[in-house]
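# The following comprises the amino acid sequence and a computationally predicted model.
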Amino acid sequence: KNQVEQSPQSLIILEGKNCTLQCNYTVSPFSNLRWYKQDTGRGPVSLTIMTFSENTKSNGRYTATLDADTKQSSLHITASQLSDSASYICVVSASSYNDMRFGAGTRLTVKP
Amino acid sequence: DAGVIQSPRHEVTEMGQEVTLRCKPISGHNSLFWYRQTMMRGLELLIYFNNNVPIDDSGMPEDRFSAKMPNASFSTLKIQPSEPRDSAVYFCASNRANSPLHFGNGTRLTVT
C-alpha cells in the first residue's frame, strides 16, 4: 500500500474557480512534505515545503496546509488559471531527507 | 543555471537493443536520482547517488538496468537488453541537503 495517497485522482474546474487537492500519508517518522507541479512533458517543480511545525504556507495563488496529527495536507489553488492545468504530486520525506515517498498525483484541468 | 539536463528527449528502439540515458545534474548538487514514470505506477525511484556513490538501488527492476555516476557532473542509466515493458518516461533529478529535487525534462523511451 502506498504510504502517500492523493485525492481526487483527477479534477476539472472552470477558469477562475478555486480548488483543493488532498494528500494523506502514513510515512513515519516525518521530516517534511512537498507539493510539486508537473506540466505535461516536463519534470516536476517544487511549489512548497511543509515541516512538522508549519500549518500553512503560501506561494502566490497556492496555499498548502499541514495537519501533522492527522497526517493530512492540502493544496488550495485560488482563482485558477489555464496555466494551472498540470499534475500535482505530494512527496513526503521520512527521517532521511532523501528518503522520499511519492503520491500518484492529482491531474488538474482548468477549462476556459 | 541551465537546470538538470537529460538526453535524449525521446528514444525509440527495438526490443533487445541497448539504451543509454544521460543526465547532467545541477552544479553543486551532491545527490542524483533516477526515476521512472508511467501512468499506472506514477514516479518510481530506481536509484540514487550521493557524492557519486550509489546509495539505494533497490528500485532497479532487474539486472538489465544499470546506472553509473563516474563524476559529479554526469550519470548514465543503461538498459540492456531493452523490453517493451520498459517504455516509460525516465527522469533524472538532483539536489543538495534539505533542498527540493530539481528534475530534468525526462527521456521518453519507447521500446517496440
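Yep, that arrived.

# The residue positioned nearest the centre of chain B: helix or strand, and which one exactly?
Using CA atoms, centre = their mean, the residue of chain B that lies closest to the mean C-alpha position is B:Trp34, 3.4 Å off. Using DSSP states H and E, B:Trp34 falls within strand B:31-38.

# sorry, back to before: ok, now which ones touch the residue nearest to the centre of chain B?
Contact analysis of B:Trp34 by CB atoms under 8 Å, 6 or more residues apart in numbering or on different chains lists B:Cys23, B:Leu45, B:Leu46, B:Ile47, B:Tyr48, B:Ala67, B:Ser75, B:Leu77, B:Tyr90, B:Phe91, B:Cys92. Just so you know, the C-beta spots here come from the backbone N, C-alpha and C atoms, and that holds for glycine as well.

# Show the pLDDT at the closest residue in space to it that isn't next to it in sequence.
Excluding its sequence neighbours, the residue lying closest to B:Trp34 (CB to CB, 6 or more residues apart in numbering or on different chains) is B:Leu46, at 4.4 Å. Model confidence at B:Leu46, expressed as pLDDT, equals 95.

# Does B:Leu46 fall in a helix, a strand, or a coil region?
Three-state call for B:Leu46 (DSSP: H, G, I helix; E, B strand; the rest coil): strand.

# Next, the buried residues of stretch B:49-60.
Using 16 or more other CB atoms under 10 Å in any protein chain shown as the burial criterion, the residues of stretch B:49-60 that qualify are B:Phe49, B:Asn52, B:Asp56, B:Met60.

# neighbouring contacts of it?
If you take CB under 8 Å, 6+ apart as the criterion, stretch B:49-60 is touched by A:98, B:30-33, B:44-48, B:66-67, B:69-72, B:75.

# Which parts of chain B are strands?
B:5-7, B:10-13, B:19-24, B:31-38, B:42-50, B:53-56, B:65-71, B:74-79, B:88-95, B:102-103, B:107-111 (DSSP state E).

# hang on, the earlier thing: tell me, how many residues neighbour the residue nearest to B:Trp34?
Around B:Leu46 there are 20 other residues, counting by other CB atoms under 10 Å in any protein chain shown.

# show me the residues around it that make contact.
In this structure, B:Leu46 makes contact with B:Trp34, B:Tyr35, B:Arg36, B:Asp57, B:Gly59, B:Met60, B:Pro61, B:Phe65, B:Ala67, B:Leu77, B:Tyr90, judged by CB under 8 Å, 6+ apart.
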